[in-house]
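**Q** need a 3D model of the sequence below.
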Amino acid sequence: MVSQKIGSTVLFLPDNMEGFMAGEPDKENLENKEDLKHKENLENKEIRVLEEIVHNYSEDDYHSQITSRKSWTAMYQLAESRAGLIEWLDIPKQSKVLELGAGCGSITSALLKKGAAVTCQEENLYFSRLNARRHAQKELTIYAVPFDECEAQLADDFDLAVLIGVPFPADRAERLLRTIRAHLKPKGMLVLAAENKFGLKYWAGNKEPHTNRYFAGLENAGIQLYSKRALEDLLGRTGFTKQEFYYPYPDYRFALELYSDRHLPKKGDLNYNIANYEDDRLLLFDEQKVYDSIIEEGQFPFFSNSYLCLAADDGGEGIKQETEYVRYASDRSRELAVRTDLNGRRVCKRPMYPQGARHIAHIAEAYERLCRQYEQTDLKFNHCVLHTQEEGELYAEFEYLHAKALQTQVEQAAAAGNLKKVFDILHKIRQYIRNSSQTVPFTITKEFTHVFGNIAGISAIQNAACSEVSDIDLILPNILTTDDGTWHVIDYEWTFFFPIPQDFVIYRTLFFLNHENPNNDGLTMDRLLAAAGISQEEAAVYAQMEEGFQQYVTGGLIPYREMVNLLERRFFNITELKADYDRVVAQNNLLKGRGIFKIARAVKKKLTGN
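**A** Numbering: from 1, shown residues only. Next up is the predicted model:
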């Protein structure tokens, strides 16, 4: 191997690739099979896209570049949100970390931000080069060779080994894991993320990512995938006898949430399942409904789409993390992106970027002002305390309430046809919103325009009553009810201190209720608005305000969840395709015996020869 230094990063390359960093390798001298693969990559436009982004933009700009270029490869290799899988882990500063299959460095980036000393292995030369460019200002070591070729050069005192989505065939899995174990300290930890062989998305019609085939893992065809039990057995046989499993959702690639055996999902939680960024998919059933059935039977861990496993030998420490559930709100501007952690006793909201400290402080101020505004009512706001960690990071801590979501009560009543109970609950919400102690007239302020934009037809709400302090997110999932009947608001992140029409807050509550129950004729938007006394003209203004608010939250960025549409990925609903087929067959049967069917067959034969 030869080494080259790019800034503070040291890159180790195969002997025949000296000068690789100085420019493109000489195509005529690429001799072995691996080099031929890299030669093919030279013509790959996706590699060019990666190079353009890494060479010309900072990480702050990656998101906008990925969505504007509509590149799945760039999304997978560069998106910071990929690091959500491990960003929440408690990793002490200066920990020595070995990362295998590092790609272009999205996980590497998160590890470096935690102050870890990172050594990477990634045999794709181009990905390794981009990782080096991306982190040229960091002290980082990258081996751009297969693991077997650099293994002898690695130290044997790593605190952490990280394998994210690294496939390993059954015949080499034990040897690989035993080798990794040998390079860890006696109390070192393995962080392993892998697809679940029995993940629900593969039953539902997603292709298996390593083979790009339907049902490949389920049928034991192609790459070796593991169930939870098989993974537990494999790790146990190779010395990793202590294990803690987490369940990334929708999967480990872009985890929006991480569940654990201490905090499993509830019915209705798993509602983001169309995430086929890499290719088209089939749609064999409604995954949310099937997940609800699975959760009801207590079988979610078996069907989780992927696993994050923390493993060590019997002497390992820190396997059982304090955090038992994580949720990311990452499709936002950097000033507003937050991570929410749950550990059973408390809930914490933390900024994902330094720019978000002000937003966290704002939440604490919102708590104080909302409590004062609603002190004459029995509506309670979950207690909030602001903390500062030793590193100076600000976070907000809340009490974890064991209570029932108002959303669940409404859904159960609607499913039972008890619309009177639904409208009684909505009436009570309207009373809380419209009976706040300080009512002020509506005026268009600088702050209003900043959050909601310029609104057409705004004169329709010129006489609207407003509150001095407005929690515009008083939607059903954010209100819990305790056994004594008290209503507790658990999330008041979107609270503002300028005049906002009270009816806009009500409109949002109704809008999201209708969105969750689109097929319930008793909960149409027209009926909900009429019951609330909100005119169609006012609703049109509030719809624009909602759109402007979403733009404010994202900072104008296109959320990654829209990449399925931007990439023009299709999903084929088998039920609908079968119905279409039946209609065609029925039509053909009508044509039989009338001459037209015979003509059609003759034309087909002439065109195809069959």
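**Q** would you point out the helix or strand in this protein whose mean pLDDT is lowest?
**A** helix 33-42 (a mean of 50; mean pLDDT, DSSP states H and E).
**Q** which residues of the stretch 351-500 of the chain fall in helices?
**A** With helices called from DSSP state H, counting those that start in this stretch, the stretch 351-500 of the chain shows them at 357-373, 406-415, 419-434, 446-452.
**Q** which of those helices sits closest to K289?
**A** helix 406-415 (12.5 Å; Cβ to Cβ). C-betas here are computed from N, CA, C, even on glycine.
**Q** how about the secondary structure of V162?
**A** Taken by DSSP: H, G, I helix; E, B strand; the rest coil, the conformation at V162 corresponds to strand.
**Q** give me the neighbour count for it.
**A** Here the number of neighbours of V162 (other Cβ atoms under 10 Å) works out to 29.
**Q** in the sheet, who's paired with it?
**A** Counting by DSSP bridges, V162 is bridged to E99, V191.
**Q** check contacts around R253.
**A** Residues in contact with R253 (Cβ atoms under 8 Å, 6 or more residues apart in numbering) are Y76, R82, G165, S306.
**Q** so for N435, what's the nearest residue that isn't a sequence neighbour?
**A** T377 (6.8 Å; Cβ to Cβ, 6 or more residues apart in numbering).
**Q** my guess is the one you found contacts Y432. True?
**A** Yes: using Cβ atoms under 8 Å, T377 makes contact with Y432 at a distance of 6.1 Å.
**Q** which one's more surrounded, those two?
**A** Set T377 next to Y432 and count neighbours by other Cβ under 10 Å: Y432 wins out with 19 against 13.
**Q** so what's that one up against?
**A** Contacts for Y432 (Cβ under 8 Å, 6+ apart) come out as Y374, T377, L379, L474, W487.
**Q** neighbours around V585, how many?
**A** Neighbour count for V585, taken as other Cβ under 10 Å: 10.
**Q** contacts only, for A312.
**A** Contacts of A312 by Cβ under 8 Å, 6+ apart are L184, K187, G188, M189, L190, F240, K242, I319.
**Q** what would the residues you listed look like in TSV with neighbour count?
**A** Shown next, in TSV, are the contacts of A312 (neighbours: other Cβ atoms under 10 Å):
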residue	neighbour count
L184	23
K187	14
G188	25
M189	27
L190	26
F240	27
K242	17
I319	16
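**Q** strands - which of those residues land there?
**A** Counted as lying in strands by DSSP state E, out of the contacts of A312, are L184, K187, G188, M189, L190, K242.
**Q** for E149, state which of these is nearest.
**A** Closest approach to E149 among the ones in strands among the contacts of A312 (Cβ to Cβ): L184, at 20.0 Å.
**Q** quick one: the strands in the stretch 401-550 of the chain?
**A** For the stretch 401-550 of the chain, the strands defined by DSSP state E, counting those that start in this stretch occupy 404-405, 439-441, 465-467, 470-471, 479-481, 487-489, 495-496, 500-501.
**Q** with respect to V118, which of those strands lies nearest?
**A** Between V118 and the strands of the stretch 401-550 of the chain, the tightest spacing by Cβ to Cβ is seen for strand 495-496, at 39.4 Å.
**Q** got a PyMOL select line for the buried ones in the contacts of Y432?
**A** In PyMOL, this line selects whichever of the contacts of Y432 come out buried by 16 or more other Cβ atoms under 10 Å:
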select buried, resi 374+379+474+487
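**Q** what's near enough to touch I490?
**A** Here I490 is in contact with V347, N382, F398, L401, N478, I479, L480 (criterion: Cβ under 8 Å, 6+ apart).
**Q** so for it, what's the pLDDT?
**A** Looking at I490, its pLDDT reads 94.
**Q** next one: A83
**A** pLDDT at A83 comes out at 94.
**Q** do G23 as well
**A** G23 is given a pLDDT of 45.
**Q** what about the chain, any weak spots by pLDDT?
**A** Scanning the chain for pLDDT under 70 picks out 18-43, 317-318, 436-437, 590-610.
**Q** try it again with 80
**A** For the chain, the stretches with pLDDT under 80 are 16-44, 168-170, 222, 315-320, 390-392, 435-438, 584-610.
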